[in-house]
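[1] When you get a sec, could you give me coordinates for this:
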Amino acid sequence: VHVESTMIDVCHKLGMGSQSTSSSKFHYQAYRPTQLVMNTVCTDAAVRHTPKLCNVYVSSNASIDAATSVTNAILLPESSIDKSCTVDNAYLQWKAEITTNSSVSSTIVMECVAIGPNSFVSNTVLGPDSHLSTGECHCSLIGPNTNSHHQSLIISVLWPLG
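    Here you go, the predicted structure:
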């Protein structure tokens, strides 16, 4: 799985679906994000007021503003991290947003996803156009157009179709 993977790619990698060549059981493979060796900030990208920035790639028109810490992250165009967020080992696809006191680790945030405010996400794939606000999501695969609000708790959910 890489930064531009689709939900179909992720499900195929997990052995889900009729086209899968693997057995019907899911095989756990440790999440190993691409390891960057330096910070790269592209033209028209913005990085401001963030005390800890380590091994980050920030594409054009992406931004990191007033985050607490961002390590081992790739931000595709127009994605953003801001307002006291802590992010570690994350891929943010186009127009993805992590905001306001949220914590994200070992997660793929697909296009047009919004995380925050006050959310905690770990070891998760959030499908396109999903939104998680004031809740937690751990060890899950959440499909497109899925919303979770108001003190929600999601643990070990496979919901690739939203």
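
[2] mind listing what the nearest residue to Leu75 once chain neighbours are set aside touches?
    If you skip the residues right next to it in sequence, Leu75 has Ala62 as its closest partner in space, 4.0 Å away by Cβ to Cβ, 6 or more residues apart in numbering. C-beta here means a position set from N, CA and C on the backbone, and glycine is covered the same way. Each residue near Ala62 by Cβ atoms under 8 Å, 6 or more residues apart in numbering is listed here: 42, 45-46, 75-80, 92.

[3] In CSV: those residues, plus distance to Ser5 and neighbour count.
    As requested, the contacts of Ala62 are exported to CSV (distance: Cβ to Cβ, whole Å; neighbours: other Cβ atoms under 10 Å):
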residue, distance to Ser5, neighbour count
Cys42, 21, 13
Ala45, 22, 18
Ala46, 26, 12
Leu75, 15, 31
Leu76, 12, 21
Pro77, 16, 15
Glu78, 18, 18
Ser79, 15, 28
Ser80, 20, 22
Leu92, 13, 29
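
[4] Which positions are bridged to the residue nearest to the spatial centre of the chain in the beta structure?
    Among the residues of the chain, Val109 comes closest to the average C-alpha position under Cα atoms, centre = their mean, at 2.6 Å. Val109 has the following beta-bridge partners by DSSP bridges: Leu92, Leu126.

[5] Can you point out the buried residues in stretch 103-122?
    103-116, 118-122 (16 or more other Cβ atoms under 10 Å).

[6] cool, stretch 3-11 as well?
    Of the residues in stretch 3-11, those buried by neighbour count under the rule 16+ other Cβ under 10 Å are 3, 5, 7, 10-11.

[7] now it: how far from the chain's centre is it?
    A distance of 12 Å separates the centroid of the chain from that of stretch 3-11, by Cα atoms, centre = their mean, to the nearest Å.

[8] got it, and stretch 104-115?
    2 Å.

[9] Just the mean pLDDT for that stretch, thanks.
    Throughout stretch 104-115, pLDDT has a mean value of 97.
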